[in-house]
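Trainee: Here you go, sequence then predicted model.
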Amino acid sequence: MDLLDKIDAIDISSPEAKRLLLEIVKSEEPEARLRSIEKISLLPSDEEILFTLQEHLRDTDELVRLACIEAIEDYLDTSSISKIKTCLDDGDWMVRGQAAIALSKLGAADAYEIAKSRFKNCPDAEEKMRYCFALFLIDKKYFKEIKELYSSSGYRLRCSIANNLVDAIYFKWSADKSLILEVLAFLGSRLSGEAQASVISSLEYAVSEISNLNTPE
């Protein structure tokens, strides 16, 4: 059994799961570290797990760093805010953008100003989109900018915007019925005129997931 198969075989309900994963995450193989982090993030948070995630924010592989930020977001670990801020200067745009989103989710005092400045000055559309979502997580008026970005974007970014809308609505705006209706109307209008199969799939997913929040109680 190779290392990746060993990771897949670990039952996260097992008392041994954390020990095994924390050992494997030390591997020299980037894919093994990534898969370990993804599985570690399914375990209940504790000091040892959070320390491991913080340490791997400096991992040599950008996908591992990205997975650590996303796991810290999910744990809502505010003790990691200062560590997340160091990722704003990461060499990879995905990591920089996700760090801004994480700061918004974790309620960092300067999250809004950080995202606003980077949104204003970022020349790259994909990275700019992430700063826009960091702002949207704090102030729903930025849905206007999200719509503008969508209208001027290629298919890959349109897919990303649809998927990120699901995450942002569920995280922050699930009780805002008027915003949910506005988002669904926007997604529906884009779906009716879309020709790219991958974008259609992302839009359909977003409509389905967000519609679940608009059902009568």
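Mentor: Ah, there it is.

Trainee: pull the longest helix from this structure.
Mentor: helix 155-172 (DSSP state H).

Trainee: Give me the nearest residue to the residue nearest in space to the middle of the chain, chain neighbours excluded.
Mentor: A centroid search over the chain (C-alpha atoms, centre = their mean) returns residue 70, at 5.5 Å, as the residue closest to the centre. In this structure, residue 70 finds its nearest non-sequential neighbour in residue 98, 6.6 Å apart by C-beta to C-beta, 6 or more residues apart in numbering. Heads up, the C-betas are built off the backbone N, CA and C, glycines and all.

Trainee: The helix or strand hosting the one you found: which residues count as buried?
Mentor: Following DSSP states H and E, one finds residue 98 within helix 93-106. Buried residues in helix 93-106, counting neighbours by 16 or more other C-beta atoms under 10 Å, are found at 94-106.

Trainee: Could you point out which residue ranges in the chain have low pLDDT?
Mentor: Applying pLDDT under 70 to the chain flags the ranges 1, 215-217.

Trainee: need the helices for it, in chain order.
Mentor: 3-9, 17-24, 30-40, 47-55, 62-75, 81-86, 93-106, 111-121, 125-136, 143-151, 155-172, 177-192, 197-211.

Trainee: ok, back up a step: doesn't residue 130 make contact with the residue nearest to residue 70?
Mentor: Yes: with contact defined as C-beta atoms under 8 Å, residue 98 counts as touching residue 130 (6.5 Å).

Trainee: dump the residue contacts of residue 25.
Mentor: By C-beta atoms under 8 Å, 6 or more residues apart in numbering, the residues touching residue 25 are 32-33, 36-37, 40, 52, 56.

Trainee: Identify the farthest-apart pair in those.
Mentor: 32 and 52 (14.0 Å; C-beta to C-beta).

Trainee: got the contact list for residue 104?
Mentor: 111-112, 115, 134-135, 137-138.

Trainee: Next up, the contacts around residue 86.
Mentor: residue 57.

Trainee: Return the distance of residue 82 relative to residue 20.
Mentor: If you measure residue 82 against residue 20 using C-beta to C-beta, to the nearest Å, the figure is 30 Å.

Trainee: Which one of the two is surrounded by more residues?
Mentor: Comparing residue 82 with residue 20 by other C-beta atoms under 10 Å, the one with more neighbours is residue 20, at 17 against 10.
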